[in-house]
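Participant: Test case, fold it:
(chains A and B)
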2 protein chains.
Amino acid sequence: MSKNNVGVDIPDSILNQYDYKPYAGTKLGNPVSQRVAPTVRAQFGENKVVDSIADVVKAEVKDGMTISFHHHLREGDQVFNEVMQVIIDQGIKDLTLAPSSLTNVMNDMVVKAIKAGTITHITSSGMRGSLGDAVSHGALKTPVIFRSHGGRARAIETGKIKIDVAFLGVPNADEEGNANGMTGDAVFGSLGYALMDAKYANKVVLLTDNIVAYPNTPASINQTQVDYVVKVDQVGDPDKIGSGATRFTKDPKELKIAEEVNEVITHSPYFKNGFSFQTGSGGAALAVTRYLRQSMLDKGIKASFALGGITKPTTDLLAEGLVNKVMDVQDFDKGAADSMHTNPAQQEIDASWYADPYNKGAMVDKLDVVILSALQIDTDFNVNVLTGSDGVIRGAVGGHQDAATAKLTIISAPLVRGRLATIVPKMTSITTPGESIDVVATEIGIAINPKRQDLIDALSHIPGVPVYTIQELAAKAEAIVGKPKEIEYTDRPVALVEYRDGSLIDVINQVKD
Amino acid sequence: MSKNNVGVDIPDSILNQYDYKPYAGTKLGNPVSQRVAPTVRAQFGENKVVDSIADVVKAEVKDGMTISFHHHLREGDQVFNEVMQVIIDQGIKDLTLAPSSLTNVMNDMVVKAIKAGTITHITSSGMRGSLGDAVSHGALKTPVIFRSHGGRARAIETGKIKIDVAFLGVPNADEEGNANGMTGDAVFGSLGYALMDAKYANKVVLLTDNIVAYPNTPASINQTQVDYVVKVDQVGDPDKIGSGATRFTKDPKELKIAEEVNEVITHSPYFKNGFSFQTGSGGAALAVTRYLRQSMLDKGIKASFALGGITKPTTDLLAEGLVNKVMDVQDFDKGAADSMHTNPAQQEIDASWYADPYNKGAMVDKLDVVILSALQIDTDFNVNVLTGSDGVIRGAVGGHQDAATAKLTIISAPLVRGRLATIVPKMTSITTPGESIDVVATEIGIAINPKRQDLIDALSHIPGVPVYTIQELAAKAEAIVGKPKEIEYTDRPVALVEYRDGSLIDVINQVKD
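Facilitator: I've put the predicted structure just below:
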């Protein structure tokens, strides 16, 4: 048994069997890595356009392979289920599923594929619903590997994930596979995560409902990367692609937290001309962006760049001149996606550029301020975004570990959710180390990581923003909802949680029924 | 001795020593290749900006390494000589020089580096002047390897060229290495060739006179690829970057050829809506573009794309709506470079996308019409663009072999140049196989490759465009200038000419003094 740097006991058997080192800290040094590259079959003016997914699957997908998908189409995705059903129908077995993430619309199909023996291993940013439930109850023989978006980029670039066939839905493509996410019925903007698959998979299959004139530009994915272009009826439901939360929240608790977060940012030493930020998605994040906009106007401060998953309120700041550049790895709504097509200052970036800690410099390493969410926060400021209070998987690492490396990392979270405490003495799993978390903002006040005396000095006297210790917040939460019931686990691991550098930060065990 | 498919006798010793297969034809099948990738040292917010080239060279360049440069700055380049002088001064030995090409401004410095033992091997698209002369007279112990732009991309992507350190001049870069060719004093537009070096070199050193605010977009080269950003006084002389030939030729011979070329194009079956073309640079090419423009207007025909090295007359066609897309691997003048910054339909493409025959589909494979030049053409329609009539190296493969794969490949060349025949029974070397050449256009008329009966049918009755056999043209040239003097060579190879697929199409031997 080895104790890692966030105090998690990790069985040596797991370290040995899956070739892991225990998480040792957020400082990564200057690791040198040998990159990998795909095997490429040359094509000379052959017809890449095919009508049948079944033909492509028959030709390219073999037992034991690793296949991938992207999740840019989010809950509107119609590619994953269509392709996976074909793969199940062809009786293919023992696949590793390695998508950028899994959205709810894919849950039942993955469970079906697991039951059919089609999928026997998964690596993903996260999972929820029926799939998270099945995995937490032991549906897979080998543990799922959870990786952040930057961690997936690292794993692909260094060969830990070797994708045999990538199936990538796109809202447009020409006959040779030049494609982008910016025009068509199923517009989703940046292809940031999918760009990794397009670059590194041995076989790249585009699926589109919109074959356009050759040559298609801008070509986020280009023809040198693409083996097949499959014509499908619809790659996604445009109404479900963007997250619903494009409107300002009216929830007073969320508004209060957003206001506090804005106060923390504007009172920090980082709020000055040329600062950079990532706010993320969801109603509270949009509210932060609106408050921040007003503060920037009031103080005459402009940002150098906004990063990350991008929403329309952020691209509005770009249009307004309050932000110089938007660095865009994914778009959460149609407004942001459309803006990428029209505003050259909104740069599409791939997941490596966004966050791979093993490259020559990722955008997250230049980030001043980030606002992140949490399912749970412990009294060491560690954060869990993967498992519920019942120990069942219902979340995603996303860019959480990656962006938490910002100079000022703020966790925005309610003290309690219903009858469940958010700030707890012990979480059901650890995703992001407290070492990288600076401030926790709740509806009753904030806690500042004691290692950040500079922030304690800067943020301790903001009117209307009480400062507590994290232990005080945990105690207040417990006072409201009581002690949480102890979760019972078996000793069988169902998921391994990598830190962004590929070390092991936690092991999630099967829950007892 | 093996005879290759253009009838060249190649000593088995060369095939064995340098691991070559003899050129076997233009049809390449579907070769499968394992791509390579660089070794990457991670950086986390370290300062990449340095003032001293000497410090970078001292830290990164070791005896025996392969170093590279690009030639986008052409005769205005000030990076190559500055860096190479530092390398010579540090006494580094036995380097392989692997630039995208070598322009005249670099000649004397390369000769100096060869004499100092700093450079002992070269692979390039071409060379001229004092350098070509030195190499042809045996200055290097190992033969130079000449590769086309697509061939270099292939060689880099498959590991035949492994670049240790790339020194890349750019007109702008931010502190992390995000850079493009579109703004600054030394604007040259597309970074097409340099993008290969940026992706595949272990160490990438940008040199710029213009460090701009972070993050710099569009980022043709991005920070994940860059190790150092070196501030220099001037990366290039803006007045010498663009080729001088931006004005329409007044040479009646060139005008006659250009007119004929236009007639050949417009009478061919390829001149229809959606056709594609590459015209190249130089006065005659500009004249062709102007004639072609008028023909497109007259016939109401629009092109899908123009490809290649791009000039302002071509971007003018884009602005005018006569061409839908410009696919741009390099720009020959400031007008074309400026247009890339403002017209989103002018897509920057890398050398692989342009022409690597081992990828999943290059632009050249979609090309309908190309106009290429020649130093010599033989009676099998083979073309030499590398050696003069005296056997001395004074040219470059460029995209010649690559673009010659177009459906209609026209060589535009005068019958004679001064006292030298262009169309000859036997050339001093072979660059591009006659199998890929369809028409030769001279000032007295055209010759059509006899394997293209369809073109003989289509082009034999154009008023004012006499058709000859290639033998007749060669005889007419000989009647004017007489038989060429036989060149005397030693049996020592000074250069190996690869076909685009990496097979050996010719060996250039040392000339006798």
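
Participant: Every contact and neighbour count from this point should use C-alpha atoms.
Facilitator: OK.

Participant: Please work out the average pLDDT along stretch A:344-362.
Facilitator: On average, the pLDDT along stretch A:344-362 is 97.

Participant: those helices in the stretch 251-400 of chain A, which residues are they?
Facilitator: All helices of the stretch 251-400 of chain A, identified by DSSP state H, counting those that start in this stretch, fall at A:252-267, A:283-299, A:312-320, A:334-342, A:351-355, A:400-403.

Participant: Sheet-wise, list the partners of the helix or strand where residue A:229 lies with their directions.
Facilitator: Element membership for residue A:229 (DSSP states H and E) is strand A:228-231. Next to strand A:228-231 in the sheet, as set by DSSP bridges, lie strand A:49-50 (parallel), strand A:203-208 (parallel).

Participant: coming back round to it: using a markdown table, please lay out the helices of the stretch 251-400 of chain A together with mean neighbour count and distance to chain B.
Facilitator: Formatted as a markdown table, these follow (neighbours: other CA atoms under 10 Å in any protein chain shown; distance: least, CA to the nearest CA, whole Å):
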| stretch | mean neighbour count | distance to chain B |
| --- | --- | --- |
| helix A:252-267 | 22 | 21 |
| helix A:283-299 | 20 | 19 |
| helix A:312-320 | 20 | 14 |
| helix A:334-342 | 21 | 10 |
| helix A:351-355 | 28 | 6 |
| helix A:400-403 | 27 | 12 |
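
Participant: any idea how far the residue in the stretch 51-200 of chain A that chain B sits nearest to is from residue B:194?
Facilitator: The minimum distance from the stretch 51-200 of chain A to chain B, using CA to the nearest CA, falls at residue A:176 (7.3 Å). From residue A:176 across to residue B:194, the span is 24 Å (CA to CA, to the nearest Å).

Participant: Would you mind telling me which of those two has the busier surroundings?
Facilitator: residue A:176 (30 against 27; other CA atoms under 10 Å in any protein chain shown).

Participant: Contacts only, for the residue nearest to that one when sequence neighbours are not counted.
Facilitator: Spatial nearest neighbour of residue A:176, excluding adjacent residues (CA to CA, 6 or more residues apart in numbering or on different chains): residue A:223 at 5.2 Å. Residue A:223 makes contact with A:176-178, B:353, B:360-362, according to CA atoms under 8 Å, 6 or more residues apart in numbering or on different chains.

Participant: Next: residue A:365.
Facilitator: By CA under 8 Å, 6+ apart, the contact set of residue A:365 is A:355, A:403, A:405-406, B:44-45.

Participant: Next, format the helices of the stretch 251-400 of chain A as JSON lines and append distance to residue A:424.
Facilitator: Output for the helices of the stretch 251-400 of chain A, formatted as JSON lines (distance: least, CA to CA, whole Å):
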{"stretch": "helix A:252-267", "distance to residue A:424": "18"}
{"stretch": "helix A:283-299", "distance to residue A:424": "22"}
{"stretch": "helix A:312-320", "distance to residue A:424": "32"}
{"stretch": "helix A:334-342", "distance to residue A:424": "36"}
{"stretch": "helix A:351-355", "distance to residue A:424": "29"}
{"stretch": "helix A:400-403", "distance to residue A:424": "19"}
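
Participant: For residue B:489, find the nearest of those.
Facilitator: Residue B:489 lies closest to helix A:351-355 among those, at 52.6 Å (CA to CA).

Participant: Please work out which residues outside that closest one touch it.
Facilitator: By CA under 8 Å, 6+ apart, the residues outside helix A:351-355 that reach it are A:149-151, A:153-154, A:192-193, A:195-196, A:308, A:329, A:359, A:361-365, A:399, A:402-403, B:222-224.

Participant: can you tell me which of the helices of the stretch 251-400 of chain A comes nearest to residue A:90?
Facilitator: Nearest of the helices of the stretch 251-400 of chain A (CA to CA): helix A:351-355, 32.1 Å.

Participant: looking only at pLDDT, what's the mean for the helix or strand that the strand holding residue A:229 is followed by?
Facilitator: Remark: after strand A:228-231, the chain's next helix or strand is helix A:238-241, criterion DSSP H and E. For helix A:238-241, mean pLDDT rounds to 86.

Participant: likewise stretch A:211-223?
Facilitator: Here stretch A:211-223 scores 98 as its mean pLDDT.

Participant: Show me which residues of the stretch 101-250 of chain A sit near chain B.
Facilitator: Within the stretch 101-250 of chain A, the positions lying close to chain B (CA under 8 Å from any CA of the partner chain) are A:176, A:214-215, A:217-218, A:222-227.
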